[in-house]
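*Asks:* can't give you the sequence, but here's the structure:
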């Protein structure tokens, strides 16, 4: 059997996960501030389980996902197969409430105070074999 084409792998990952995040690192250990912020936003929206791929572990996926979405940067968020955007767009959609609405079907109740969630909307990223992993984020 031939190995799956990179674009086919990405399509399978994106369509096989209701919420899918391509990021640097893992949800438990992000390797860049932008990826960490994307995970924080998902967590703030109540999404506790989502697919993720560490693009640093697979150079073909790292470049391939940029072609797949026609978006030049990582992280990249997909919901129900639809490309939502990178970190800045995700942050803007969260601040407007649109992202929370879109993610509501995949969310558990969020118990964090609203003031803590508001900080996510204004937060700035901090410095600092491809396998789709299911990430279960602990409640905050």
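*Replies:* Received the coordinates, thanks. Computed from a predicted model, the values in this text were never measured in an experiment.
*Asks:* mind listing the strands for the protein?
*Replies:* Ranges of strands in the chain, per DSSP state E, are 19-23, 25-26, 29-30, 49-54, 76-79, 82-85, 133-136.
*Asks:* Residue 91 is nearest to which of these?
*Replies:* Nearest of those to residue 91, taken as C-beta to C-beta: strand 82-85 at 9.2 Å. Heads up, the C-betas are built off the backbone N, CA and C, glycines and all.
*Asks:* what is the mean pLDDT for that closest one?
*Replies:* Averaging pLDDT along strand 82-85 yields 97.
*Asks:* Then stretch 15-25?
*Replies:* The pLDDT scores in stretch 15-25 average 97.
*Asks:* quick one: it to chain centroid distance?
*Replies:* From the chain centre to the centre of stretch 15-25 is a distance of 5 Å (C-alpha atoms, centre = their mean, to the nearest Å).
*Asks:* now do the same end-to-end measure for that stretch.
*Replies:* End-to-end span of stretch 15-25 (C-alpha to C-alpha, to the nearest Å): 21 Å.
*Asks:* Show me which parts of that stretch are buried, residue by residue.
*Replies:* 17, 18, 19, 20, 21, 22, 23, 24, 25 (16 or more other C-beta atoms under 10 Å).
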